[in-house]
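Engineer: would you be able to build a 3D model of this:
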Amino acid sequence: MPGASGADGAAEAAATARLATAVRAAEQALIEFEIAVETFRVEVENFSRLHHQRLGPMYARLDELDAQIAEAVAARTGDPEDVRKAQEARAAVLPMPEVEELFHGWMGSDGLFPEAQAMLTEQPVQPPQKVRPSEEARRAYRDLVRKAHPDLARDDAERLRRDAFIARVNAAYAAGDEAALGALTREWEAGPVPAEERLSASEELYARLEWLAERKEMLAAAASELEESAIGAMIKMAPQDPDRLLDEIAEKLLADVAEREAYLTQLVG
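Structural biologist: Numbers count the residues shown, from 1 in each chain. Model (predicted):
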């Protein structure tokens, strides 16, 4: 019956429209989730760098003191077990491959760099550069990603353009470069207007929803890994002032250094 056929077509079109609306909502939710994961990843990487820069020399000093203490004990007792422990402690402070990368310029294969020595001897030293994006940078980053995210592309050429643009946005945000983010905002606003979104066939929309679900699972795993890392857990403890945690850890490490130095003096004095 012609009337029934028309009703079926209208119902199918309505269902497709609802599915398209659901896909768009899922896309926006995924983008917001990805923004949250990326901003936290930048926080973790920047805090990790500061952690190594500020505390790496202190950890190295503690390892060296532990080795000297073990060697002093072994020299006193001559016990084979003490000698073995001393050898293990000394091996722990031997140079390791790519140690410069591990300590981000504070320690090399020949030991601590002058900047690290200055820090340990309380001499003036250039403090490590803090790279924590400002609230303005965060706002600009979120706005740019919401507008230019590759997942909003409807063809390969548009996706490639967005991929390249978002890579520049991520680099500017990771560097905390507010001016660069502003320039990128103006560039995007002056760029080509994205094509009007077209309703896809229902099969394509279902496939799109499946892809979005898989992408969300991947991001959830990445977020969980960041949150469960040592640095991520530290940031979660004091999200508004993570530097305070560095100060507390540094104070504790300095106390440990002083305690070991005093003990070593007793052993060799």
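Engineer: what helix or strand is A60 on?
Structural biologist: Using DSSP states H and E, A60 sits within helix 2-77.
Engineer: what mean pLDDT does that helix get?
Structural biologist: Averaged across helix 2-77, pLDDT comes to 83.
Engineer: with stretch 168-186 instead?
Structural biologist: Mean pLDDT, computed over stretch 168-186, is 87.
Engineer: what's that stretch in contact with?
Structural biologist: 38-39, 42, 45-46, 131-134, 136-138, 140-141, 143-145, 148, 165 (Cβ atoms under 8 Å, 6 or more residues apart in numbering). In this view, the C-beta of every residue, glycine as well, is placed from N, C-alpha and C.
Engineer: swap in 7 Å and give it another go.
Structural biologist: The contact list for stretch 168-186, computed with Cβ atoms under 7 Å, 6 or more residues apart in numbering, reads E38, V42, V131, R132, P133, S134, E136, A137, A140, Y141, L144, V145.
Engineer: for the first one, which non-adjacent residue is closest in space?
Structural biologist: This means E38. Leaving aside its sequence neighbours, E38 sits nearest to N170 (Cβ to Cβ, 6 or more residues apart in numbering; 6.9 Å).
Engineer: for the contacts of stretch 168-186, which one is nearest A11?
Structural biologist: A11 lies nearest to V145 out of these, by Cβ to Cβ, at 36.7 Å.
Engineer: do you know how far that closest one is from V44?
Structural biologist: 18 Å (Cβ to Cβ, to the nearest Å).
Engineer: kindly report the same for A137.
Structural biologist: A137 sits 17 Å away from V44, going by Cβ to Cβ.
Engineer: hey, where'd the helices end up in the stretch 151-269 of the chain?
Structural biologist: 156-174, 178-190, 202-228, 230-237, 242-268 (DSSP state H, counting those that start in this stretch).
Engineer: let's have those in TSV, adding mean neighbour count and distance to A86.
Structural biologist: As requested, the helices of the stretch 151-269 of the chain are exported to TSV (neighbours: other Cβ atoms under 10 Å; distance: least, Cβ to Cβ, whole Å):
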stretch	mean neighbour count	distance to A86
helix 156-174	16	44
helix 178-190	15	52
helix 202-228	14	36
helix 230-237	15	29
helix 242-268	13	12
